[in-house]
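Colleague: Mind looking at a prediction? Sequence and model below.
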Amino acid sequence: MSKPNTLLIALVGLLALSVLASIVLCIFYIRAVGLAQTLQPEEQRLEAKLMLVNRNRSIVRSMVDDALEYSKRNAAIDPLLQQFSLKPKPTAAAPVRPAGH
C-alpha cells in the first residue's frame with residue numbers, strides 16, 4: 001500500500017473549502033442585490049420604466065417613418081401600412097356624370 005500524500009489531501013481540502021465559500025458568498029450577494037432592488041424608491045423604478053417606454057416609442061416611430069418613406073418608392077407595402085392605419089386607404093373616385101344629366 002502506498003502512503004497517502006498529505007500535501008495532495010490538504011490541497012484538495014482547501015479547494016473544497018474555497019468552492020463552498022464561493023457558493024455561500026454568491027448566495028449572499030444575490031440576496032443583497034434583491035434586497036437593494038426592493039428598497040429602491042418606487043419613483044425611480046417608474047422613471048426607469050418610462051425611459052424604456054420612450055425609447056421604444058422613438059424606435060417604433062423611426063421604423064414607421066422609414067416604412068412610409070419606403071412606400072413612396074414601392075407601393076407593395078401600402079396594404080400593410082393601411083392595415084395598421086399608418087397610411088389612409090385610397091378612396092374610390094366618384095363616377096363622372098355628364099353635365100347635362
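Modeller: Yep, that arrived.
Colleague: Mark out where each domain of the chain begins and ends.
Modeller: Structural domains assigned to the chain are 11-40, 41-89, following automatic domain parsing.
Colleague: Need these in CSV (columns: mean neighbour count and distance to N5).
Modeller: To be clear about C-beta, it is placed using only N, CA and C from the backbone, and glycine gets the same treatment. Rendered in CSV, the data for those read as follows (neighbours: other C-beta atoms under 10 Å; distance: least, C-beta to C-beta, whole Å):
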stretch, mean neighbour count, distance to N5
domain 11-40, 10, 9
domain 41-89, 11, 56
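Colleague: now those domains as a markdown table including mean pLDDT?
Modeller: Written out in a markdown table, the entries for the domains of the chain read as follows (pLDDT from 0 to 100):
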| stretch | mean pLDDT |
| --- | --- |
| domain 11-40 | 94 |
| domain 41-89 | 91 |
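Colleague: between those domains, which one is nearest to P4?
Modeller: Distances from P4 to each of the domains of the chain were compared using C-beta to C-beta; the shortest belongs to domain 11-40, at 10.8 Å.
Colleague: Would you reformat the domains of the chain as TSV and include distance to P4?
Modeller: Supplementary listing: those in TSV, determined by distance: least, C-beta to C-beta, whole Å:
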stretch	distance to P4
domain 11-40	11
domain 41-89	57
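Colleague: what's the following helix or strand after the helix or strand hosting I30?
Modeller: With elements taken from DSSP states H and E, the one containing I30 is helix 6-39. Moving toward the C-terminus from helix 6-39, the first helix or strand encountered (DSSP H and E) is helix 42-73.
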